[in-house]
Every structure is written in structure tokens, then in C-alpha cells.
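Colleague: Sequence first, predicted model second:
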Amino acid sequence: MLNEIINLRSQIESELLTITSPQSLEQFRLTHLVKKGTLPSLMERLRDVPKEDKPIVGKELNLLRVYTENEFTLLKNKYESGKQQTQKLDITLPAEEQKREVFIRLCKLSMKLFQYSVKWGFLWLNLLI
């Protein structure tokens, strides 16, 4: 069973290196992390391991599971953050909606500037008189 875990780890590591898109990441998840994937099936087979080997095999299997889930989460976050960065400015929107977005951003910025100036003790009333 330890040999299977080592082989699966090397397979997972090589597959992680080849993931280049959200679709390939989803395929990786379907292969290894879902209920009938490779990792849960190995977890189920842990019952058949002799008692004296269970702590070692269980530990290695758990390390592999944690490693795989962490790497999957990192890649998932990478692709999601890339998606968010490309959605910041939508050039397909009509010009009026883009102007509205810019206006809202400027309003937020001016409000922050006003809040900081009040925090620092600058009085706006002196400018208005």
C-alpha cells in the first residue's frame, strides 16, 4: 500500500505541473478529490491494512491528502484571482455605464480623502469661507 501511495503522489505531482487552465484543474479534482476519486478509494482500502502498518500508512495517506488539497486550493485561488483581475473594467459596457463606474470610484476616493483630512484635523470650513 505504501508503494501505491508513493506512486500516486508522483502521479499527482506530475499532473499538478501540467495544469494550465481551470478546466484541467477541474479534471484533476474529478480524478483525485471527489468521493470516488483516487484518494478516497485509497482511504477506504486503509481498512484492509494490517494493524501494525496502519499508523504508518494512515499518516502517509493523510499527508498526501493534505498536500493534494492544499495544492488544489492554491491553483483554484490563482485562477479565480486571474478571473477577478480581468473583470475590473468591462470594455463591452456602454460608455455611460463606464462613466458611472469612474464617477463612483472618484466619489469613494474623495470620501476617503475627506475622512483622512478630518482625522488629521484639517477643517474644511476654512476653505468654504
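Modeller: Now that the structure is in, tell me what you want to look at. Small disclaimer: the values here were computed from a predicted structure and weren't measured. Residues are numbered from 1 along each chain as shown.
Colleague: what bits of this protein have low per-residue confidence?
Modeller: Across the chain, the ranges flagged by pLDDT under 70 are 82-98, 118, 120-129.
Colleague: what's the domain layout of it?
Modeller: Following automatic domain parsing, one gets these domains for the chain: 2-86, 95-128.
Colleague: Quickly compare those domains and say which is most buried.
Modeller: Mean neighbour count (mean count of other C-beta atoms under 10 Å) peaks for domain 2-86 among the domains of the chain, with a mean of 13. C-betas here are computed from N, CA, C, even on glycine.
Colleague: next one: the biggest helix by length in the chain to chain centre, how far?
Modeller: Among the segments of the chain that qualify as a helix by DSSP state H, the longest is helix 54-86. In terms of C-alpha atoms, centre = their mean, to the nearest Å, the gap separating the centre of helix 54-86 from the centre of its chain is 9 Å.
Colleague: That helix: what's the following helix or strand?
Modeller: Next in sequence after helix 54-86, counting helices and strands by DSSP states H and E, comes helix 95-119.
Colleague: Using PDB, write down the CA coordinates of stretch 75-83.
Modeller: Written as PDB, here are the backbone C-alpha positions of stretch 75-83 (Å, rounded to 0.1, in the frame of the first residue of the first chain):
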ATOM      1  CA  LEU A  75      -4.300  26.700  -8.000                       C
ATOM      2  CA  LYS A  76      -8.000  27.400  -7.700                       C
ATOM      3  CA  ASN A  77      -7.300  30.700  -6.000                       C
ATOM      4  CA  LYS A  78      -4.800  31.500  -8.700                       C
ATOM      5  CA  TYR A  79      -7.300  31.000 -11.400                       C
ATOM      6  CA  GLU A  80     -10.100  32.800  -9.500                       C
ATOM      7  CA  SER A  81      -7.900  35.800  -8.800                       C
ATOM      8  CA  GLY A  82      -7.000  35.900 -12.500                       C
ATOM      9  CA  LYS A  83     -10.600  35.900 -13.400                       C
END
